[in-house]
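Chemist: Got a predicted structure here, sequence first:
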Amino acid sequence: MYDTIIIGAGMSGLAAGIRLAHYDRKVCVLERHTTIGGLNSFYRLNRRDYDVGLHAVTNFTPRGTKKGPLARLLRQLRFRWEDFSLSEQIQSAIEFPGVSLRFDNDIELLRSEIARSFPTQVDAFETLLGRIVDYDDLDQEVYSLSTRAILSEIFTEPLLVEMLLCPLMWYGNAREHDMDFGQFCIMFRSIYLEGFARPFKGVRLILKNLVRRFRELGGELKLRKGVARIRMEGGRAVGVVLDDGTEIEGKVILSSAGRTETMRMCFGSATPLPEPGQLSFIETIAVLDRQPREIGHDRTIVFFNDSPQFHWRRPTDSLCDVRTGVVCSPNNFRYAPEDGDLPDGVIRITALADHDAWRRLDEPDYRREKALWFDRTAESAVRFVSDYRSYVVDSDMFTPNTIRRFTWHDNGAVYGAPEKVLDGRTPIEGLYLCGTDQGYVGIIGSIISGLTIANRYVLAN
């Protein structure tokens, strides 16, 4: 009998496990796959290391900062700053036709860019900042308001609205076209007011430290142990049944598998389930024979869109939609001098994709379409960044099929279901959600989610 069973060895599950194990709770983390991290993981191919999922860690604050999500998680997990070893971004940009807004980890740059490109919107931007500072993360009623409606009341320049939304939707919005105002505020703080950073060694540093700490505290991590069903008695969760039929008992269950997926474990598919997310991606990874800055690309992340209207919907007439995308270079962070440069130059490009269309392809067509869309994605991106294509020496690519395989999210939905459960509660007593569908996204957000749910529903009782 475990005090707590945690479904999923992603960031939120591992963080919750560490927090509980600190207080001598008997904890077991169950993971269906052979590795940890979910989509925020890593792998090795052709003697090169690749990150999956991680472009950058959001919510960055400098060493010694006492407030904010990063400081909170370091304190509650009892990590040192060096355990995450974060280096700040150099500079990022939002690129629309004829207009560019640069930003970094100091809001003053974005302020000055808005004053330059949208001088009549300066006061409106200050009004928005005030709304964001006053927002209560746990106010469910305000959380669900339409961001587009609110921004349209504040700004008189529609293009600025589209440009501000672009990075925030790309890095954490499960809803098509519009965005919950609560999610907008969370993402605005994490990207524009705090900012981007990255460990020199990538996501593997964070994951390895999480697992090491969890095991040091006596936590049990079981890989290749997928949960087929959550057992209930009298309306309460009492344990799980694994894919191989093994039963494990637990007093409390925390699930990072997603809201829809967790409810399916309880009730099967016969009962109506919450609406799953629709938004999935492809991502291309190009390895260069030189550093990106040597060919004129010195931005950390570029969010692009090829028209004044930002496109944020699942493609319906094509495998992918490359009109909008994200270009990230892990080389373009302010790494410490002793780290030097990463061994390879890397350009990663993300685009929207149709999960169902990719799933229908047979193996020969799948390989052919991957090659085709690798090229189309690059062709679209180089309209907004330096053309890197002649310097590529190796490459890889993941699709919605990859996302589905490593997260088990319906539709390969990267950001989970559009309806978030801020308090983490489910209709089942003793069963709680953590992770993406609890409303926090990204590396730091996922960890904070695990900590929040563990504190509120396990340690407080």
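Modeler: Cool, the structure landed.

Chemist: okay, CA-based contacts and neighbour counts for the rest of this
Modeler: Fine.

Chemist: would you list every one of the strands in the stretch 51-200 of the chain?
Modeler: 86-88, 92-96, 99-103, 197-199 (DSSP state E, counting those that start in this stretch).

Chemist: Quick one: mean pLDDT for the first one?
Modeler: Translated: strand 86-88. Averaged across strand 86-88, the pLDDT comes to 95.

Chemist: so where's the stretch 101-250 of the chain uncertain?
Modeler: Applying pLDDT under 70 to the stretch 101-250 of the chain flags residues 137-140.

Chemist: thinking again about what came up before, out of the strands of the stretch 51-200 of the chain, nearest to residue 357?
Modeler: Among the strands of the stretch 51-200 of the chain, strand 92-96 comes nearest to residue 357, with 28.2 Å by Cα to Cα.

Chemist: how about the closest one as PDB, C-alpha atoms only?
Modeler: Written as PDB, here are the backbone C-alpha positions of strand 92-96 (Å, rounded to 0.1, in the frame of the first residue of the first chain):
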ATOM      1  CA  SER A  92      13.800  36.800 -29.200                       C
ATOM      2  CA  ALA A  93      11.400  38.300 -31.700                       C
ATOM      3  CA  ILE A  94       7.900  38.300 -33.000                       C
ATOM      4  CA  GLU A  95       7.900  38.600 -36.800                       C
ATOM      5  CA  PHE A  96       4.800  39.600 -38.800                       C
END
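
Chemist: which parts of that strand are buried?
Modeler: 92-96 (16 or more other Cα atoms under 10 Å).

Chemist: do stretch 441-448 as well
Modeler: 441-448.

Chemist: can you tell me which residues contact residue 188?
Modeler: Taking Cα atoms under 8 Å, 6 or more residues apart in numbering, we find residue 188 in contact with 132, 168.

Chemist: my bad, residue 382
Modeler: Residue 382 touches residue 388, counting by Cα under 8 Å, 6+ apart.

Chemist: quick one, phi/psi of it?
Modeler: phi -70, psi 0 (degrees, to the nearest 10).

Chemist: Would you check how far apart it and residue 89 are?
Modeler: 21 Å (Cα to Cα, to the nearest Å).

Chemist: and if you look at residue 322?
Modeler: Distance from residue 322 to residue 89, by Cα to Cα: 25 Å.

Chemist: Burial check on residue 71, number of neighbours?
Modeler: Number of residues near residue 71 (other Cα atoms under 10 Å) recorded here: 20.

Chemist: One more: residue 201?
Modeler: Neighbour count for residue 201, taken as other Cα under 10 Å: 16.

Chemist: residue contacts, it?
Modeler: By Cα under 8 Å, 6+ apart, the contact list for residue 201 is empty.

Chemist: same deal with residue 275?
Modeler: With Cα under 8 Å, 6+ apart, residue 275 has these contacts: 260, 417-419.
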